[in-house]
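>>> would you be able to build a 3D model of this:
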Amino acid sequence: MSAQLGAITSVNSLIGKVFRQPRGDFADRLNSLYTVCVLAVSSGLLLSSHYWGKPITCWTPAEFNGIWTDFVNQYCYVHGTYFYQIDGPVTFDTEERQRVFIRYYQWIPYIIALQALLFYIPRFMMRIMCAWSGYDLSSTIQYIDDIWHQIKSANFSNRVDSFEKIGAVYIIDGLALFKRKNRGSIGFYYSFYAVLQALNAWIQFVFLNALISSSTTNQSGWHVISDLISGADWQTTGHFPRITHCDFQRRKPASVQWDTVLCVLTLNIYYEKLLIFLYFWILLVAIISTCHAFYWGVICWCTQARIKNELRSFLIVHGKSPQVDRFFKILGHDGIFILHQISLNIGDLAASYLSLAMLNTIEKNGSGGEEEQKLLLEKGEAKYV
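Okay, the predicted model is just below:
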């Protein structure tokens with residue numbers, strides 16, 4: 001029984017690591033978690049239908065046996081089909097007949113999977129920038145969050161003491177190392193990350209718009225979406241048609257015969273619903289990401305003074321006025337930005353206790369100059385040398 005419970009615990013731990021919510025605000029999670037999951041699940045379901053279902057079924061002549069029918073289905077699936085009015089005569093002009101050629105049908109699952117990957121790329125690039133700069137903001141927030149979950153049930157003094165022993169030292173030491181490398185500003189990296197997410201979301205929206213418009217000729221993606229929402233008949237518009245035509249050659253001893261068959265594209269029923277949903281989803285993501293980028297631009301460059309004043313008022317209330325100016329000098333813009341991120345991700349209460357603990361640590365140990373004592377972290381404990 002204990003072995004089974006241990007296995008269940010291990011599986012739960014693995015699931016928790018795989019599906020752990022990335023640190024960041026709502027717009028960050030919307031891009032790098034929610035949208036990636038939506039696109040990945042959609043792609044997986046469609047791919048399973050392509051590989052284990054029947055994505056295409058063609059109506060072959062009666063003399064075709066099972067092998068011939070399978071060949072026609074596979075050929076038309078790989079080569080592609082075209083939409084032509086069923087109730088009208090089929091012209092012998094190949095170019096006119098294949099004017100609305102269905103090129104997207106077999107590729108949509110892979111395109112959606114590619115979009116899921118592209119939505120994660122900004123976060124991957126942010127990790128690279130963090131590694132290069134020497135300060136990983138996401139890991140810092142995760143570290144402080146783990147500490148907060150352990151101490152949030154304690155009383156006021158114990159919370160501050162616990163943060164002084166580990167969390168405050170961790171951030172002060174990390175800031176000192178980051179400033180020593182002199183590789184820019186943490187706020188600038190995060191602002192660039194927000195702009196990159198917004199730009200990527202708009203590029204994905206334009207890409208999806210082009211994919212939707214490829215289902216017809218000379219019409220924008222919005223026009224196609226409008227027709228689909230209004231319930232326009234696909235037999236008239238040709239948007240994601242259920243029944244298409246396919247031409248193939250049959251070789252005979254003395255000649256080559258052209259045959260035309262009707263094919264049912266079953267997945268187009270799902271494609272149109274899914275792409276309508278993704279059209280508005282990615283549009284919403286792009287709008288939110290753009291507002292998020294503007295917001296963080298304002299936060300980083302315009303409201304630092306307001307955040308600093310709020311933090312100053314809190315520290316003065318707790319009788320820390322003599323060291324407040326020195327505290328802000330040591331923190332700098334990057335330190336204030338880190339505390340603001342902790343406030344957004346973990347809560348104002350945790351950020352307040354942490355800022356008070358950092359000020360106490362600076363008062364006790366005189367950290368802040370090259371000639372003064374250094375703070376080292378070893379096995380999660382602060383040691384002074």
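>>> list phi and psi for Gly80.
phi 110, psi 160 (degrees, to the nearest 10).
>>> wait, it touches Phe101, no?
Yes - at 6.1 Å, Gly80 and Phe101 qualify as touching, with contact defined as CB atoms under 8 Å. (Glycine included, C-beta is placed from N, CA and C.)
>>> which stretches in the stretch 201-350 of the chain count as strands?
243-251, 256-265 (DSSP state E, counting those that start in this stretch).
>>> buried residues in the helix or strand harbouring Gln74, which are they?
In this structure, Gln74 sits in helix 66-79 according to DSSP states H and E. The neighbour-count check on helix 66-79 (16 or more other CB atoms under 10 Å) flags 69, 72-73, 75-77 as buried.
>>> and this protein, split by domain according to the record?
22-122+200-286, 135-182+303-384 (automatic domain parsing).
>>> out of those domains, nearest to Tyr190?
Across these, Tyr190 has its closest neighbour in domain 135-182+303-384 (6.9 Å, CB to CB).
>>> tell me the mean pLDDT over the closest one?
Averaged over domain 135-182+303-384, pLDDT sits at 73.
>>> one step back: could you dump the domains of the chain to CSV with distance to Ala194?
Output for those, formatted as CSV (distance: least, CB to CB, whole Å):
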stretch, distance to Ala194
domain 22-122+200-286, 7
domain 135-182+303-384, 12
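>>> looking at those domains, which is nearest to Phe294?
Comparing these under CB to CB, the one sitting nearest is domain 22-122+200-286, at 10.9 Å.
>>> still on that earlier bit, following the helix holding Gln74, which helix or strand shows up next?
Taking DSSP H and E, what comes next after helix 66-79 is strand 81-83.
>>> for that following strand, packing partners?
Applying 3 or more CB pairs under 8 Å, 6 or more residues apart in numbering; DSSP states H and E, one finds that strand 81-83 contacts strand 100-102, strand 243-251.
>>> helices or strands next to the longest one in the packing?
For strand 243-251, the elements it packs on are helix 66-79, strand 81-83, strand 256-265, judged by 3+ CB pairs under 8 Å, 6+ apart.
>>> buried residues of the shortest one, list them for me.
Going back to what we said before, that points to strand 81-83. For strand 81-83, using 16+ other CB under 10 Å, the buried residues are 81-83.
>>> and for Gly44, the neighbour number?
14 (other CB atoms under 10 Å).
>>> assign it to helix, strand or coil.
Of the three states, Gly44 takes helix under DSSP: H, G, I helix; E, B strand; the rest coil.
>>> relative to His245, how far out is it?
From Gly44 across to His245, the span is 30 Å (CB to CB, to the nearest Å).
>>> which one, of the strands of the stretch 201-350 of the chain, ends up nearest to Gln106?
Nearest of the strands of the stretch 201-350 of the chain (CB to CB): strand 256-265, 10.0 Å.
>>> can you pull the buried residues of that closest one?
Quick answer for strand 256-265 (16+ other CB under 10 Å): 261, 263-265.
>>> and for stretch 167-180?
167-176, 178.
>>> over to stretch 34-42?
Neighbour count says stretch 34-42 has 35-36, 38-40, 42 buried, by 16+ other CB under 10 Å.
>>> hey, where'd the helices end up in the stretch 1-150 of the chain?
2-18, 26-29, 35-52, 66-79, 94-97, 108-133, 137-151 (DSSP state H, counting those that start in this stretch).
>>> what about Thr290, how many neighbours?
By other CB under 10 Å, neighbour count at Thr290 equals 18.
>>> where does the nearest residue to it once chain neighbours are set aside land on pLDDT?
Nearest non-adjacent residue to Thr290, counting by CB to CB, 6 or more residues apart in numbering: Ala198, 4.5 Å away. Note for Ala198: predicted pLDDT of 95.
>>> got a list of what Ala198 touches?
286, 289-290, 292-293 (CB atoms under 8 Å, 6 or more residues apart in numbering).
>>> check the offset of the helix or strand hosting Asn158 from the chain's centre.
Assigned by DSSP H and E, Asn158 falls within helix 156-162. Per CA atoms, centre = their mean, to the nearest Å, the displacement of helix 156-162 from the mean C-alpha position of its chain is 37 Å.
>>> helices or strands up against that helix?
Partner elements for helix 156-162 (3+ CB pairs under 8 Å, 6+ apart): helix 137-151, helix 348-365.
>>> flag every buried residue along the longest one.
By neighbour count on 16+ other CB under 10 Å, the buried set for helix 348-365 is 350-362, 365.
>>> by how many degrees do the helix holding Gln74 and strand 256-265 diverge?
80 degrees (axes from the mean of the first three to the mean of the last three CA atoms, to 10 degrees).
>>> how about residues contacting stretch 125-145?
Stretch 125-145 has contacts (CB under 8 Å, 6+ apart) with 22-24, 167, 170-171, 174-175, 177-178, 181, 183-184, 186, 189-190, 192-193, 196, 334, 338, 341-342, 345-346, 350, 354.
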